[in-house]
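J.: sequence below, structure please.
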Amino acid sequence: MTLPNFLIIGATKSGTTSLHNYLQHHPQIYMSPIKETNFFAYEGGVPEFNWWGEPPHTTLNSITDLATYEQLFAAATNEIAIGEASPYYLYNENAAARIHHYIPHAKLIAILRHPTDRAYSNYTHLIRDGREPYADFAAALAQESARQAENWSWDYYYQDMGFYAQQLKRYYERFPREQIKVFLYDELKQDPAALFAAICTFLGVDPTFQPNFEFHNNVSGYPKSKALQRFIDQPNPLKPLIRLLLSEKIRQRVATKLRRVNLEKPTMNPAVRQQLNQLYKNDILQLQTLIQRDLSAWLG
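T.: Purely as a prediction, here's the structure:
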């Protein structure tokens, strides 16, 4: 039986997709072929969520039984680090206990984005995918309590998903501190090579290996052309032909450039930003004590 010996547990909209893709190119690391297996969040069955529009493929493709989960790692051979990335693990109340039950010695990686920016990125991601009916961020925030009461998907809990201290406490209560490593999204943006090397050192693999850091995956924003966005992100008859003609590297480069051209991200309303910053202040103070890192930049 092969199970992962490390997990990327979150947070959502904090660079976990890019990190997964960087790690899977390391010769000493085996990554699950599925990003966001969600096994430790959804073991036994995916909750009957509500949402606007089509449910995300990451939810539909979630793994809910141990045997299927194990198969994701069956192809691992002599890799030192075996892992997967499911950012819902940070938010889900059951994930920490399930992870500790199955893989108590696993190393855990969290990458955290300023919770206000994370919330807005989460919102614009759903706007991009046509899964958020409110074109105004403040209006969408006002719906959060009602959506929680109606069991909407966690994707819509823009504010609630940003209380990192509350979420990480579940892990620090169960795992030794040396098994948990917390990074900041700003570090990934400013110096991805240094952050990647630090993760490799934590995992015990060669820290000098450098993947291609050019691609930034899963970017969010308002699509200028919804038709182009659908072409990029959804299946269509042309994609099999494109796969035959272009290498994966070229396809990724083209898709990344098309997304950047097609997506725009209006500046958040300053009043909304101030409101969210105030909402998160106490949690950030608790967080910097918990992870033993200076987060004064988040409080400024």
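J.: does Leu141 touch Val272 like I think?
T.: Yes. Using C-beta atoms under 8 Å, Leu141 is in contact with Val272, at 7.2 Å. All C-beta spots, glycine's among them, are computed from the backbone N, C-alpha and C.
J.: show me which of these two is the more surrounded one.
T.: In this view Leu141 and Val272 are compared by other C-beta atoms under 10 Å, and Leu141 has more residues nearby, 19 against 16.
J.: what about that one, distance to Arg147?
T.: 10 Å (C-beta to C-beta, to the nearest Å).
J.: please apply the same query to Met268.
T.: Computed as C-beta to C-beta, the Met268 to Arg147 distance reads 20 Å.
J.: for the helix or strand containing Thr68, which outside residues touch it?
T.: Taking DSSP states H and E as the definition, Thr68 sits inside helix 66-71. Contacts with helix 66-71, where a contact means C-beta atoms under 8 Å, 6 or more residues apart in numbering, come from 1-3, 37, 39, 43, 63, 102.
J.: what's around Ile63, how many residues?
T.: Ile63 - counted by other C-beta under 10 Å - has 24 other residues nearby.
J.: next: Asn92.
T.: Neighbourhood size, Asn92 [other C-beta under 10 Å]: 21.
J.: tell me who's in contact with the nearest residue to it once chain neighbours are set aside.
T.: Residue nearest to Asn92 in three dimensions, not counting chain neighbours: Ala41, with 4.0 Å by C-beta to C-beta, 6 or more residues apart in numbering. Going by C-beta under 8 Å, 6+ apart, Ala41 touches 62, 86, 88-89, 92, 94-95.
J.: contacting residues around Ala138?
T.: 269, 272.
J.: next one: phi and psi at Ala110?
T.: For Ala110, the backbone dihedrals (degrees, to the nearest 10) come out as phi -120, psi 140.
J.: from the contacts of helix 66-71, which land in helices?
T.: 39, 102 (DSSP state H).
J.: any buried residues in the helix or strand where Leu19 lies, and which?
T.: Take DSSP H and E as the rule and Leu19 turns out to sit in helix 16-23. Residues of helix 16-23 classed as buried under the neighbour-count rule (16 or more other C-beta atoms under 10 Å) are 16-23.
J.: turn the residues you listed into TSV, including distance to Cys200 and pLDDT.
T.: Compiled in TSV, the buried residues of helix 16-23 are given as follows (distance: C-beta to C-beta, whole Å; pLDDT from 0 to 100):
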residue	distance to Cys200	pLDDT
Thr16	16	96
Thr17	18	93
Ser18	15	93
Leu19	12	96
His20	14	96
Asn21	15	94
Tyr22	10	96
Leu23	8	98
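J.: compare the contacts of helix 66-71 and tell me which has the most neighbours.
T.: Phe39 (28 neighbours).
J.: so it sits right up against Val46, yeah?
T.: No. The pair Phe39 / Val46 is not scored as a contact, 10.8 Å apart, by C-beta under 8 Å.
J.: chain center to the top helix by length along the chain, what's the gap?
T.: In the chain, assigned by DSSP H, the helix with the most residues is helix 270-291. Centroid displacement of helix 270-291 relative to its chain, using C-alpha atoms, centre = their mean, to the nearest Å, is 20 Å.
J.: show me what that helix is packed up against.
T.: Helix 270-291 is packed against helix 115-128, helix 137-142, helix 164-172, helix 296-299, with contacts defined by 3 or more C-beta pairs under 8 Å, 6 or more residues apart in numbering; DSSP states H and E.
J.: go with 6 Å
T.: Under the contact definition 3 or more C-beta pairs under 6 Å, 6 or more residues apart in numbering; DSSP states H and E, helix 270-291 sits against helix 115-128, helix 164-172.
J.: and it, what's buried?
T.: Across helix 270-291, burial judged by 16+ other C-beta under 10 Å covers 272-273, 276-277, 279-280, 283-284, 286-288, 290-291.
J.: separation between Leu108 and Glu178?
T.: Taking C-beta to C-beta as the measure, Leu108 falls 11 Å from Glu178.
J.: now Lys35
T.: 26 Å.
J.: with neighbour numbers in mind, choose between the two.
T.: Ranked by neighbour count (other C-beta under 10 Å), Lys35 and Glu178 place Lys35 first, with 21 against 8.
J.: helix or strand for Gly83, which one?
T.: Here Gly83 is assigned to strand 81-85, by DSSP H and E.
J.: that strand relative to helix 16-23, how many degrees between them?
T.: 160 degrees (axes from the mean of the first three to the mean of the last three C-alpha atoms, to 10 degrees).
J.: could I have strand 81-85 exported to CSV, CA atoms only?
T.: Only the C-alpha atoms of strand 81-85 are listed here, as CSV (Å, rounded to 0.1, in the frame of the first residue of the first chain):
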residue,chain,number,x,y,z
ALA,A,81,8.6,12.4,-1.7
ILE,A,82,5.1,11.3,-2.6
GLY,A,83,2.4,13.9,-2.4
GLU,A,84,-0.8,15.6,-3.5
ALA,A,85,-2.3,19.0,-3.2
